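*Asks:* With the input below, show me the fold.
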Amino acid sequence: MSSKEGSGGFRKRKHDNFPHNQRREGKDVNSSSPVMLAFKSFQQELDARHDKYERLVKLSRDITVESKRTIFLLHRITSAPDMEEILTESEVKLDGVRQKILQVAQELSVEDMHQFHRAITTDLLLTDKIYSVR
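*Replies:* Model (predicted):
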């Protein structure tokens with residue numbers, strides 16, 4: 001075991017040699033400097049993009065769940081005596097899916113869709129299958 005390794009066999013990181021309260025204490029950051037303002041602006045832009053991505057992922061998951069529920073409901077049509085009731089219920093569920101797709105479209109109306117395609121791609125493919133079954 002070398003002198004850099006501790007009792008657990010792992011090497012110590014360079015920043016572990018300094019006490020936590022003595023790191024970068026001597027420098028005050030001017031929050032009104034142009035660089036800091038640019039970083040804050042960039043931070044807000046990244047936060048907004050991340051929030052939009054998370055909203056799209058949530059909508060996408062909701063679309064998947066409702067689509068699967070509709071598919072399973074339509075599978076019951078052959079064994080159920082009241083076919084009209086099932087069709088009416090499935091139409092209501094599909095209206096909910098349409099509303100969520102509209103929300104996705106509204107989120108992407110001012111953005112480049114290719115930046116967020118990973119958040120929505122699989123669910124749109126699943127929804128396409130549902131509409132092709134109709």
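*Asks:* OK, contacts around residue 83?
*Replies:* residue 77 (CB atoms under 8 Å, 6 or more residues apart in numbering). C-betas here are computed from N, CA, C, even on glycine.
*Asks:* again, only this time at 10 Å
*Replies:* The neighbourhood of residue 83, defined by CB atoms under 10 Å, 6 or more residues apart in numbering, consists of 76-77.
*Asks:* Quick check: it vs residue 55, distance?
*Replies:* Distance check for residue 83 against residue 55: by CB to CB, to the nearest Å, it reads 37 Å.
*Asks:* Quick one: list the elements packing against the longest helix along the chain.
*Replies:* Taking DSSP state H as the criterion, the chain has its longest helix at helix 34-75. Here helix 34-75 touches helix 83-107, helix 117-133, going by 3 or more CB pairs under 10 Å, 6 or more residues apart in numbering; DSSP states H and E.
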